[in-house]
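Engineer: Below are the sequence and a predicted model for it; my questions follow.
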Amino acid sequence: MSDTTELQEKSLFEAPPIAEQERMVEAILFATAEPMTVADLSARLPHGCDAAEALAYLRRRYEGRGVQLVRVGDAWAFRTAPDLGHLMHKETVEQKKLSRAAIETLAIVAYHQPVTRAEIEEIRGVAVSRGTIDQLLELDWIRFGRRRMTPGRPVTFVVTETFLDHFGLESARDLPGIKELRQAGLLDSRPLPGADKTDDEDEATTGQSELFED
Amino acid sequence: MSDTTELQEKSLFEAPPIAEQERMVEAILFATAEPMTVADLSARLPHGCDAAEALAYLRRRYEGRGVQLVRVGDAWAFRTAPDLGHLMHKETVEQKKLSRAAIETLAIVAYHQPVTRAEIEEIRGVAVSRGTIDQLLELDWIRFGRRRMTPGRPVTFVVTETFLDHFGLESARDLPGIKELRQAGLLDSRPLPGADKTDDEDEATTGQSELFED
Amino acid sequence: MASDDDWDSSETVLPVEARLAAEALIVDVDGFEGPLDLLLTLSRTQKVDLRRISVLQLAEQYLGFVNQAKALRIELAADYLVMAAWLAYLKSRLLLPPDPSDEGPSAEELAAHLAFQLERLEAMREAAARLMARDQKGRDFFGRGIPEDVTRIRRIKYSATLLDLMQAYARIRTKDEFRPFVMDRDHVFTMEQALERMRGLISYSGIWTDLAAYLPPGWDTNPMRRRSVTAAHFAAVLELAKAGQIELRQGETFAPIQIRKRGA
């Protein structure tokens, strides 16, 4: 017992050299397919290690290699270099084709997050089907965010770390063109002048052919 | 059109530089679900590549790193460096009460040390399982004392520093004696006739008679 | 309802040229994702930046589309018609001089908002395309193929208190030679007895310990005895606390009562 406390105390003061810490982070990240946060790594490393610093060294070491250390939100993971994808045709995962509605909804969630369903519908100008949202939730590309503090307290949607991982994004801030879109005011939620919404929320798909019948 | 054919022909004769081949092998071995032979690798690499040579370079590059390129039969794979295997474990600590048999055995050792196994069994009135002793030894709460100078020279057990630490005692003498136990109501204050005699006999063998002074 | 017959009849009504032009525009109403999508498609025929689009012209194009659909007896969903009605209103507002008595947003504000909506939808379409054109995991880059699982080790930490140890020893010592502690009145434990007992025990309790741990062995099986012994010990610890010998605490109502020696 006293031996272990002594050891722990010693390790509190003497962390392994940074080169060794780098090796450890390398081993841990190589072993997992999922991105790991600095906190996850710290929990696995001996006391006194600086996971963030080790990560910085490791990232530099793998620059230009066939495998790269990439940032995914708050987490880190090794991924093969994108230019070598053609060698991996056997590993390629057959992806379910996403509908245009699903792709657009995903983009809207990513660029406008946190966003409510009503806002998605306003931007697309059409009702969002339950299946579309369900498909994106199932892929773990979007998830529920906080409720909006407005009447009805609607749920919001945000993109996930899995989404960032899939599209090789460090964070949602790195979405292509997001800065320009924001500057152009295209990510603002701008209500229709005058309080009432004229475009009917009621997306009745029932044929109103009788209006055309002469 | 002619450009592409030219390019293809060129690649037929001119393999990518070896550094590039190394990157390719690195990416393939990282991403595949199984170790790969030189033949497997060659099949995936562009024409004219030397998978064996690329492997040799790659192996050297990973020497001393947190992951290593190892041979698995005829095939190659990345594996965690053997000295970092401990990072692949996650410990969870669970609190558990000591079993009744263990705590009783421990109490006997504490009160009667040095004590032989036969003596413990005599006091408890039941056989002491090997597991119970082992558990207490493993906890470092008891240890082997001197051998008793009696026929068979049985080993004795005594309590350890760790034991004293855990129970907040300075020495085994600080254990509450029979008198205190009795006062505390843990022992009947009116022993049956003959009980004292047994007590005395015990004390003689324990060498801790001062603990039991009435 | 647009049946085959309707199609045939419309073919006979309209000259071929007009029908082709209409088809080029309409193609398939189901192909549009709502009126806004249709408006966006129509606006492209203006071949200008969406910011400089003529909403008036767009409204006319849309209304023309709806009229053609009507002539072709194509079934349009309600939202297309709602949009048509709104655009007709907007068109008249844009053409007429502003009414000073009219409160609410001006026609220009409404037109600007529509242009904004179109621009925003277009921007999101482009963003979606750029997103999908990115390198994707499982297609362009890959994660570890042979993840090494983390082995979970469950370490069990055994604990025992001094009281456990003492009680265990007392249990052994009372088994044979001693008569187990039994009161004359079988099921009653008095406060005085508890007090005397606790005075002896308390000096070994430097740490917070549940009061329940102090109850004498053998009193917890019979409910009557358990009640009596619990009440007696509870009263006893109150006495001891009053005398300043121990400290008492309880996390919340009905939570276990814990005691420890004063000054520990």
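Structural biologist: The structure has been received and is ready for your questions.

Engineer: Who are the contact partners of the residue of chain A found nearest chain C?
Structural biologist: Going by Cβ to the nearest Cβ, chain C is nearest to A:G125 of chain A, at 2.6 Å. All C-beta atoms are positioned from the backbone trio N, CA, C, and that covers glycine. Going by Cβ atoms under 8 Å, 6 or more residues apart in numbering or on different chains, A:G125 touches A:D199, C:E33, C:G34, C:P35, C:L36, C:D37, C:Q117, C:L121.

Engineer: Kindly recompute the last result at 10 Å.
Structural biologist: A:199, A:203, C:32-40, C:79, C:83, C:117-118, C:120-121 (Cβ atoms under 10 Å, 6 or more residues apart in numbering or on different chains).

Engineer: Check those residues for burial and list the buried ones.
Structural biologist: A:199, C:32-40, C:79, C:83, C:117-118, C:120-121 (16 or more other Cβ atoms under 10 Å in any protein chain shown).

Engineer: In strands, which of those residues fall?
Structural biologist: Among the buried ones among the contacts of A:G125, no residue falls in strands (DSSP state E).

Engineer: Looking at pLDDT only, which of those scores worst?
Structural biologist: Across these, the smallest pLDDT goes to A:D199, namely 40.

Engineer: Pass me the low-pLDDT residue ranges in chain A, would you?
Structural biologist: Residues of chain A meeting the criterion pLDDT under 70: A:1-13, A:194-214.

Engineer: Mind splitting it into its structural domains?
Structural biologist: A:16-81, A:100-213 (automatic domain parsing).

Engineer: And for the residue nearest to C:L211 when sequence neighbours are not counted, the neighbour number?
Structural biologist: The shortest distance from C:L211 to any non-neighbouring residue, by Cβ to Cβ, 6 or more residues apart in numbering or on different chains, is to C:I257 (4.5 Å). C:I257 has 17 neighbouring residues, counting by other Cβ atoms under 10 Å in any protein chain shown.

Engineer: Surely C:I257 touches C:Q250?
Structural biologist: Yes: applying Cβ atoms under 10 Å as the test, C:I257 and C:Q250 come out as touching, 5.0 Å apart.

Engineer: So for those two, which residues contact both of them?
Structural biologist: Shared contacts of C:I257 and C:Q250 (Cβ under 10 Å, 6+ apart): C:L211.

Engineer: Going along the chain, name the helices of chain A.
Structural biologist: Using DSSP state H, the helices found in chain A span residues A:2-13, A:18-31, A:38-44, A:51-61, A:100-112, A:117-124, A:130-138, A:161-166, A:178-183.

Engineer: Ok, chain C next?
Structural biologist: C:4-13, C:16-26, C:35-44, C:55-71, C:78-95, C:107-132, C:162-175, C:191-202, C:223-242.

Engineer: can you tell which of the ones you listed is closest to A:Q183?
Structural biologist: Nearest to A:Q183 among these is helix C:107-132 (11.7 Å), distances taken as Cβ to Cβ.

Engineer: which helices and strands sit right next to that closest one?
Structural biologist: Contacting helix C:107-132 under the criterion 3 or more Cβ pairs under 10 Å, 6 or more residues apart in numbering or on different chains; DSSP states H and E are the following elements: helix A:100-112, helix A:117-124, helix A:178-183, helix C:35-44, helix C:55-71, helix C:78-95.

Engineer: Most tightly packed of these?
Structural biologist: Neighbour counts (mean count of other Cβ atoms under 10 Å in any protein chain shown) averaged over each of the helices and strands packed on helix C:107-132 peak at helix A:100-112, with a mean of 23.

Engineer: Is that helix in proximity to chain C?
Structural biologist: Yes: Helix A:100-112 comes into contact with chain C (Cβ under 10 Å from any Cβ of the partner chain), by way of A:R100, A:A101, A:A102, A:I103, A:E104, A:T105, A:L106, A:A107, A:I108, A:A110, A:Y111, A:H112.

Engineer: can you list those in a markdown table and add distance to B:M36?
Structural biologist: What follows is the residues of helix A:100-112 next to chain C, written out as a markdown table (distance: Cβ to Cβ, whole Å):
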| residue | distance to B:M36 |
| --- | --- |
| A:R100 | 39 |
| A:A101 | 41 |
| A:A102 | 36 |
| A:I103 | 35 |
| A:E104 | 40 |
| A:T105 | 40 |
| A:L106 | 35 |
| A:A107 | 38 |
| A:I108 | 42 |
| A:A110 | 36 |
| A:Y111 | 41 |
| A:H112 | 44 |
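
Engineer: so which of the residues you listed comes closest to A:I28?
Structural biologist: Nearest to A:I28 among these is A:A110, at 29.3 Å by Cβ to Cβ.

Engineer: Could you pull up the residues touching the closest residue in space to the closest one that isn't next to it in sequence?
Structural biologist: The shortest distance from A:A110 to any non-neighbouring residue, by Cβ to Cβ, 6+ apart, is to A:V159 (4.9 Å). Shown in contact with A:V159 (Cβ under 10 Å, 6+ apart): A:73, A:106-107, A:109-111, A:113-114, A:136, A:140-143, A:145, A:166-167, A:169, A:172, A:175.
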